[in-house]
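Trainee: Structure, please.
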Amino acid sequence: MPLKKTYSLLSLLMITLSAMASPANLRADNTEIDDSLGELESLYKGVLPWVARLYDPKSGGFYESIGLREGKEPRDFGPDIQATHFAFSLIRSSDLLASMPPEVKGKLILYFQSRQNPETGYFSDPDYPDMLDNQRIMARALSFSVASLRSLGAAPLYPLPGKPRASANAPTRIELAASKTGQIVKTNQGPEETAPTASSSNRIPPASTNKDNAESNPDLEDKESASDNVYIVPNSKTLSIEIQANTPPHLASTEAFHQWLDERPWHFAWTAMDNIQSQQTLINSLPEPYRTTIIDKAIAYISERQEANTGLIGGGTPEVRLSGAFKLVLFFRAMKRPIPHTEEIQKTVIEWLESEPETEKIYFVRNTIDMLDILVEETGQNLTNEQMVAVINFATRELKRYLQSDGGFSRFTYGFYISPNDLYLSDADRIPAQAGPQGQLNGTTMAIRTRAALYTLAGRKTPSLRMYDFWDVALADGEHEPSQVEK
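Mentor: Purely as a prediction, here's the structure:
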């Protein structure tokens, strides 16, 4: 073969391989896009110094806010599972995991492991017993704890919900975990006792009920009495005793699961789909083939409710319905099933963004942009450069409204509240933050995920946030002034 022809074929092969390896939304350099991303980036310069100040060296966890960390709030709350998971996720994305001191890693592993109840498999914070009566929050704590432990190269000490339990006289593994990390876990029971389990209660979180007069919102949970949470599992002759004994009531049979799906607040799409999406770790822990049966049931049920022309599901404002669609997209992806009506959802999202809406919850910014990133990958229908600039500018404008002087981002524009693990946010239970305007790890995580989605949509690699003395500040217990963030 002539040399020139060989080079031509080689060049063609290289171009083909390059195209195959490139992301679907890769675009050429565009000054206007880069300028917009530069303005967006300026919002995040205080995030890492702020996160470092939230670390609690004693427990190994992270507080939700500076007000809680400094004891300025009306209740003496400690670190919580959600905040610790969010902080750890930010640490990983900022390339700070490699420099994490071994004692910090050991305490972080113990933080999550010590919060697992050996009888139920769930995780909860001893400081927050109200978690036990909230099915959504318990499911999220399970997902957060399992994911964080996996990223740390560790695992839960006990079987997860839905898995066979160990015998009652089986030796505990919490002492072994403590000895491996070289840590003595201190509790309020004594200075050298083994780590506490998450709760003295061994009850499985009840299936939640949704009252017609409740404001159904993932961030505004309706506090229910114990009697409201009673759930009778329908009999099922085909259900094994093992599944019945080790599975939460709403997942114990297809009949119970269908009834639970019917009881979701479908007039408020965000909450309905959030309830379902929050169960994905529990569903994935079910034994096969029952796991696949439950997934098939959920997929069929959701698909029947989805609108073919918009891709949306359920009721509510446009923002609420779009957030419901986002939870739908996340659930289908987690279950490794094709997302229905992707093109219709993408069109609906773009139309909403082009209307230049003003939000009151940072979740609406993150949900729509993160979902758009997923949909573009699914459909292959990239945004134009003009659309990309408009989306970045929308996000920057909105995120500025949530950025606080401490460097973090708040969740709402209408107030500041204490809400570890997303508790205490119903109208009746809200706890105003006495420390005043401040960022929270939940809101800041939404801002971080919005940033990552925007860079991906723009075909750019997301730059890592940098802070060279992050761990010095985190371990100084408030005595070390944060450095300037690395450029």
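Trainee: Quick check: mean pLDDT of the helix or strand hosting V329?
Mentor: Assigned by DSSP states H and E, V329 falls within helix 318-334. Averaging pLDDT along helix 318-334 yields 97.
Trainee: what's the answer for stretch 467-483, then?
Mentor: Averaged over stretch 467-483, pLDDT sits at 76.
Trainee: Also stretch 29-41?
Mentor: On average, stretch 29-41 scores 93.
Trainee: what does stretch 122-142 give?
Mentor: What stretch 122-142 shows for mean pLDDT is 91.
Trainee: Only the buried residues of that stretch, if you could.
Mentor: 122-128, 130-142 (16 or more other CB atoms under 10 Å). Backbone N, C-alpha and C define where each C-beta goes, glycine included.
Trainee: cool, stretch 83-95 as well?
Mentor: By 16+ other CB under 10 Å, the buried positions in stretch 83-95 come out as A83, T84, H85, F86, A87, F88, S89, L90, I91, S93, S94.
Trainee: what comes into contact with the helix holding V329?
Mentor: 268-270, 272-274, 276-277, 280, 284, 298-299, 302, 306, 311-316, 338-340, 345, 348-349, 352, 357, 359, 361, 363-364, 367-368, 370-371, 374-375 (CB atoms under 8 Å, 6 or more residues apart in numbering).
Trainee: can you do 7 Å?
Mentor: 268-270, 272-274, 276-277, 280, 302, 311-314, 339, 345, 349, 352, 359, 363-364, 367-368, 370-371, 374 (CB atoms under 7 Å, 6 or more residues apart in numbering).
Trainee: try stretch 268-287
Mentor: Residues contacting stretch 268-287 (CB under 7 Å, 6+ apart): 136, 139-140, 142-143, 146, 160-163, 216-218, 243, 247-248, 251, 264-266, 291, 294-295, 298, 313-316, 320-321, 323-324, 327-328, 330-331, 334-335.
Trainee: What's the ChimeraX line that selects buried ones from these?
Mentor: Buried members of those, defined by 16+ other CB under 10 Å, are picked up in ChimeraX with:
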select :136,139,140,142,143,146,160,161,162,163,216,217,218,243,247,248,251,264,265,266,291,294,295,298,313,314,316,320,321,323,324,327,328,330,331,334,335
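Trainee: For the stretch 301-450 of the chain, give me the ranges with low pLDDT.
Mentor: Applying pLDDT under 70 to the stretch 301-450 of the chain flags no residue at all.
Trainee: Now intersect the contacts of stretch 268-287 with the strands, please.
Mentor: The strands, defined by DSSP state E, take in nothing from the contacts of stretch 268-287.
Trainee: where does the residue nearest to P118 when sequence neighbours are not counted fall, helix, sheet strand or coil?
Mentor: Ranked by CB to CB, 6 or more residues apart in numbering and with sequence neighbours excluded, the top spatial neighbour of P118 is Y158, at 4.4 Å. Secondary structure assignment for Y158 (DSSP: H, G, I helix; E, B strand; the rest coil): coil.
Trainee: So which of the buried residues of stretch 83-95 are in helices?
Mentor: Per DSSP state H, helices hold the following members of these: A83, T84, H85, F86, A87, F88, S89, L90, I91, S93.
Trainee: Now distance to Y417 and pLDDT too, for these, in TSV please.
Mentor: Output for those, formatted as TSV (distance: CB to CB, whole Å; pLDDT from 0 to 100):
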residue	distance to Y417	pLDDT
A83	14	97
T84	19	98
H85	20	98
F86	17	97
A87	19	98
F88	23	98
S89	22	96
L90	21	97
I91	25	97
S93	26	94
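Trainee: picking up where we left off before, from the buried residues of stretch 83-95, which is closest to D29?
Mentor: S93 (24.2 Å; CB to CB).
Trainee: The helix or strand containing Y363 - contacts with which helices or strands?
Mentor: Using DSSP H and E, Y363 sits within helix 362-379. Contacts defined by 3 or more CB pairs under 7 Å, 6 or more residues apart in numbering; DSSP states H and E place helix 362-379 against helix 318-334, helix 342-354, helix 385-400, helix 441-457.
Trainee: Report the angle between that helix and helix 385-400.
Mentor: Here helix 362-379 runs at an angle of 160 degrees relative to helix 385-400 (axes from the mean of the first three to the mean of the last three CA atoms, to 10 degrees).
Trainee: Renumber starting at 885 from here on
Mentor: From this message on, residue numbering opens at 885, which makes the last subject helix 1246-1263.
Trainee: Using PDB, write out every CA atom in helix 1246-1263.
Mentor: C-alpha atoms of helix 1246-1263 as PDB (Å, rounded to 0.1, in the frame of the first residue of the first chain):
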ATOM      1  CA  ILE A1246     -32.100  27.000  44.700                       C
ATOM      2  CA  TYR A1247     -33.300  23.500  44.000                       C
ATOM      3  CA  PHE A1248     -35.200  24.700  41.000                       C
ATOM      4  CA  VAL A1249     -32.000  26.100  39.500                       C
ATOM      5  CA  ARG A1250     -30.000  22.900  40.100                       C
ATOM      6  CA  ASN A1251     -32.800  20.500  39.100                       C
ATOM      7  CA  THR A1252     -33.500  22.000  35.700                       C
ATOM      8  CA  ILE A1253     -29.900  22.500  34.600                       C
ATOM      9  CA  ASP A1254     -28.700  19.100  35.900                       C
ATOM     10  CA  MET A1255     -31.600  17.500  34.200                       C
ATOM     11  CA  LEU A1256     -30.900  19.400  31.000                       C
ATOM     12  CA  ASP A1257     -27.300  18.000  31.000                       C
ATOM     13  CA  ILE A1258     -28.600  14.500  31.300                       C
ATOM     14  CA  LEU A1259     -31.200  15.000  28.600                       C
ATOM     15  CA  VAL A1260     -28.700  16.400  26.100                       C
ATOM     16  CA  GLU A1261     -26.500  13.300  26.700                       C
ATOM     17  CA  GLU A1262     -29.600  11.100  26.100                       C
ATOM     18  CA  THR A1263     -31.000  12.800  23.100                       C
END
